[in-house]
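A.B. asks: predicted model and sequence follow; I will ask about them next.
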Amino acid sequence: MTTQLRRQERAQATETESVAAAYLALLADRGVEVLFGNAGTDFAPLIEAYAQAVQSGIAVPRPILATHENLAVAMAHGYGMLSRKTPAVMVHVSVGTANMICGAMNAARENVAILLTAGRSPLTESGLPGSRDGYIHWAQEMYDQAGMIREVVKWDYELRNGEQLATVVDRALAIAASEPRGPVYLALPREVIAAPMPEQGSIAPVRLNPAAPPAPDAGTVAAAARLLARARRPLIVTANAGRDAAAFASLAAFAERFAVPVVQHRPRYLSLASSHPMNLGFDPARLVPKADAILVLECDVPWLPSRVAPAPECKVIQAGLDPLFVRYPIRGFAADVTITGGAVATLAALTVALDQDLDAGLVAQRRSWIDAERAAIAAAVTAAREAGARKRPLDPAWVSHCIDRAKPEGAIVVNEYTLFLEQCAFEAPDRYFGSSSASGLGWGAGAALGAKLARPEAPVIAVQGDGAYMFGNPAAVHHAAAMHDLPVLFVVMNNSMWGAVQRSTLAMYADGRAARSNAPAFVRLEKLPAFEQICAAAGGYGERVDDPAALPAALERALSAVKNERRQALLNVMCGPGGTA
Ligand SMILES: Cc1ncc(C[n+]2csc(CCOP(=O)(O)OP(=O)(O)O)c2C)c(N)n1
Ligand SMILES: [Mg+2]
C-alpha cells in the first residue's frame, strides 16, 4: 500500500465518526461523567475523538489526566465512593494494566464500581488505520492481557467491533453497578476504536440496566430477630453499612430502638455518628467475648479470631449484599443465620420482626450496660489524648484530636494511616473514609483528590503515614491537584518508618533479636525527603510540624491556604510510634 493511499484512509477515518468518538459519546450518555486517563500510543483515536468533540460540542466524559495509573484508579475510587456513580479509567495496554491492578484490588474489595479500560496493542502489523507503527507494538502485546486483572474484576471483555459497542458498554456498566458492585475491565484495541462507526447517528436509549439487589428473606430475618430479641448482650459489628449512605440513618434508628450497641471495625465508610448513644467505638475485642448475639453487618472481618472469639453459646448473624464474601478464598466466621440483602432493607425487616417480640425490660437493661461501656471507652480516649498532648515527636492520638478540632464544617476526611477515629467526631455519613481492606498502599492521596472532584464544595483532608504518602506517587499526586484545581489538605503523620511492619515483627517475635535491634531491616525510612517541599514545588502550601503545641495553628494556616487561596497544602507532622495496623 502506498503512503498516499494510507493517508487517504486515515483522512477518511477521521472525517467519519470513529468507534472511539461513538464510545465517548455513549459513555457520556450513560452517565459516565469522568474519564481518568494515563495515555500511550493506544490513545490516538480517543485523543482525536476528544478534539472532534470539542469542535462539535458533543457531550463526552471530562478527561482527567493522571501521571500514574495507581493515582488514576485511586482518584476514580475516591470519586466513585462519594458520588456512587461509575467513572471510567483508561490506561496504556498491558503495562498500564499492570500498574493499575493494586488500585483495582482496593476498589474491588470496597465494591466501588469503575469501568477500567486499557488499549490493546494494535493487532495488525500494517494495512488498517491504527495498525502497528511503533516498535513497542510487538513486545507490549500479550496472549491474555486481561488475564492479569481477571481475578480482581467482576467481568472482562475486549471490544471487537463497533457494531457491538453499545451492548458491550451497557453490559460493562450494568455489571459494575449491580450489587455487590465493583470494577470491570474492557480492552479497546487500537484498530477497533480507530475504525469508522458502522451505524452513525443518534444513540439508542439504554435497555440493559443494573440488577436490583435481592430482598432479605422473611424466614431468615425472623430467625435472626428471634436471636436478637432474647439477647442480653447483643452487638452489631459493621465496617461498611454506610456504603449506602441511607443506611446511616437506618442503623441509628435500629440501634437506638432496640438498644443494640455498634462497633465499627476498620470502617471504610461511616455507619454511625460518633455521638450516637449506641456507638461503642472501633475495637471489637473488648465486646465480642461478652456478646450473646452478634449481627455482623457488611463486615468482612468482624474480629480477629487469633485474638478473641465469641462465647460458644453466642449466635452470629451475618448480613450483607454478599454476606459470605464469596470472593475471599477463606473466611470462617460463624454464620448461624445468613441474610443476603442491603443494610437498609435488612434493618427495616428486622425492625418489623423485632417489634412483634419486644421485651421492654430486657431492652432497658441493655441500655444501662451500654452506657457503662461507652463511659469507659470515652475515659480511655480522653486519657490517651491527654497523655499524648505534649509528646515530641508528636503522638498520633494528639494529631488526630487536632485534625478533628480543625476540620471545617462539612469536611471529608480520607484516612490511609494513622488517624485515630476514636479521637474524632463524625456526625454525618460520607464524612470519613478509610482505606480498603485490600490495603494496597498509595490510595489515600488519590482518593482524596477524587473525593474533591465529586464534592467540589466540601473541604477534603487526606491523612497518611509517611509510607502511605510515598506509595502514592507524591509528585504525580501534587501535580494532579494543581492541574485539576483540586485543593486538598494532606496531613502526613511522619514517624519515618513503616510502623505497621515493625508492629507485626514485635507481635510475632516479642522477645526476638529484631525487637532488641536498633536498626531492624525493612522498617526505618531514613533520609526521607521534606514532604512539605514536594507539595510546595507543585505550588502548594507546605509546613513541617515538630511541636505539638504548634499543630493547631499550623492546621489553621494550611486550611486557610486551601480555602482562601485554593492551594493544596501539606503538613509534615513529625510523629512518634502509634497505630493499630
Ligand atoms: C502496596 C503495598 N505494599 C506494601 C504494603 C505493606 N504495608 C502495610 S502497612 C505498611 C507501612 C505503612 O507505613 P506508614 O504509612 O508510614 O504507616 P505506619 O505503619 O508507619 O503507621 C506497609 C509497607 C501494603 N499494604 N501495600
Ligand atoms: Mg510511618
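C.D. replies: Arrived safely. Ligands and ions are numbered 1, 2, ... in the order given.
A.B. asks: neighbours of L362, how many?
C.D. replies: L362 has 15 neighbours, counted by other Cβ atoms under 10 Å. (Each C-beta comes from the backbone N, C-alpha and C, glycine too.)
A.B. asks: again, but for E565
C.D. replies: With other Cβ under 10 Å as criterion, E565 counts 13.
A.B. asks: give the contact list for the closest residue to it other than its chain neighbours.
C.D. replies: Counting by Cβ to Cβ, 6 or more residues apart in numbering, Y541 is the residue found nearest to E565 once chain neighbours are left out, at 7.5 Å. By Cβ atoms under 8 Å, 6 or more residues apart in numbering, the contact set of Y541 is 535, 557-558, 561-562, 565, 567-570.
A.B. asks: among the residues you listed, which are in helices?
C.D. replies: Residues of those located in helices (DSSP state H): 535, 557-558, 561-562, 565.
A.B. asks: helix/strand/coil for A231?
C.D. replies: coil (DSSP: H, G, I helix; E, B strand; the rest coil).
A.B. asks: can you tell me how far it sits from D359?
C.D. replies: From A231 across to D359, the span is 10 Å (Cβ to Cβ, to the nearest Å).
A.B. asks: and these two? Which one has more around it.
C.D. replies: Each of A231 and D359 has its neighbours counted (other Cβ under 10 Å); A231 has more, 20 against 10.
A.B. asks: contact partners for the more buried one?
C.D. replies: Here A231 is in contact with 291-293 (Cβ under 8 Å, 6+ apart).
A.B. asks: any idea how far apart the tips of stretch 54-63 sit?
C.D. replies: 12 Å (Cα to Cα, to the nearest Å).
A.B. asks: count of neighbours near D283?
C.D. replies: Neighbours around D283, by other Cβ under 10 Å: 17.
A.B. asks: next one: the one 5 residues further on
C.D. replies: Other residues near V288 come to 24 when the count uses other Cβ under 10 Å.
A.B. asks: follow-up on the earlier one: filter the contacts of Y541 down to the buried ones, ChimeraX style.
C.D. replies: Applied in ChimeraX, the following selects the buried portion of the contacts of Y541 according to 16 or more other Cβ atoms under 10 Å:
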select :535,558,561,562,567,568,569,570
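A.B. asks: and the contacts of Y541 as TSV, adding pLDDT and distance to M105?
C.D. replies: Output for the contacts of Y541, formatted as TSV (pLDDT from 0 to 100; distance: Cβ to Cβ, whole Å):
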residue	pLDDT	distance to M105
C535	98	27
R557	98	37
A558	99	31
A561	98	34
V562	98	30
E565	98	36
R567	98	32
Q568	99	27
A569	99	30
L570	99	27
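A.B. asks: from the contacts of Y541, which is closest to ligand 1?
C.D. replies: L570 (14.6 Å; Cβ to the nearest ligand atom).
A.B. asks: the residue lying closest to the closest one once chain neighbours are set aside: what's it in contact with?
C.D. replies: Excluding the flanking residues, the one nearest L570 by Cβ to Cβ, 6+ apart is C535, at 3.6 Å. By Cβ under 8 Å, 6+ apart, the residues touching C535 are 474, 478, 490, 541-542, 568-570.
A.B. asks: among those residues, which two are most distant?
C.D. replies: Farthest-apart pair in the contacts of C535 is P474 and Y541; separation 15.0 Å (Cβ to Cβ).
A.B. asks: surely M142 is in contact with S94?
C.D. replies: Yes - taking contacts as Cβ atoms under 8 Å, M142 lies within contact range of S94: 4.8 Å.
A.B. asks: how close does S439 get to A500?
C.D. replies: With Cβ to Cβ as the criterion, S439 and A500 are 9 Å apart.
A.B. asks: now do K154
C.D. replies: 29 Å.
A.B. asks: go on, N99?
C.D. replies: 23 Å.
A.B. asks: which residue ranges of the stretch 351-500 of the chain form helices?
C.D. replies: Applying DSSP state H, counting those that start in this stretch to the stretch 351-500 of the chain gives helices spanning 360-388, 396-406, 444-454, 466-471, 474-483, 499-508.
A.B. asks: could you name the helices and strands sitting against the first one?
C.D. replies: Packing contacts for helix 360-388, counted by 3 or more Cβ pairs under 8 Å, 6 or more residues apart in numbering; DSSP states H and E, involve helix 396-406.
A.B. asks: so R257 touches A348, yeah?
C.D. replies: No - here R257 does not reach A348: they are 11.7 Å apart, not a contact under Cβ under 8 Å.
A.B. asks: overlap in contacts, the two.
C.D. replies: If you check R257 and A348 against Cβ under 8 Å, 6+ apart, no residue is contacted by both.
A.B. asks: and the residue of the stretch 51-200 of the chain nearest ligand 1?
C.D. replies: C102 (5.4 Å).
A.B. asks: quick check: the residue of the stretch 151-300 of the chain nearest ligand 1.
C.D. replies: R266 (13.0 Å).
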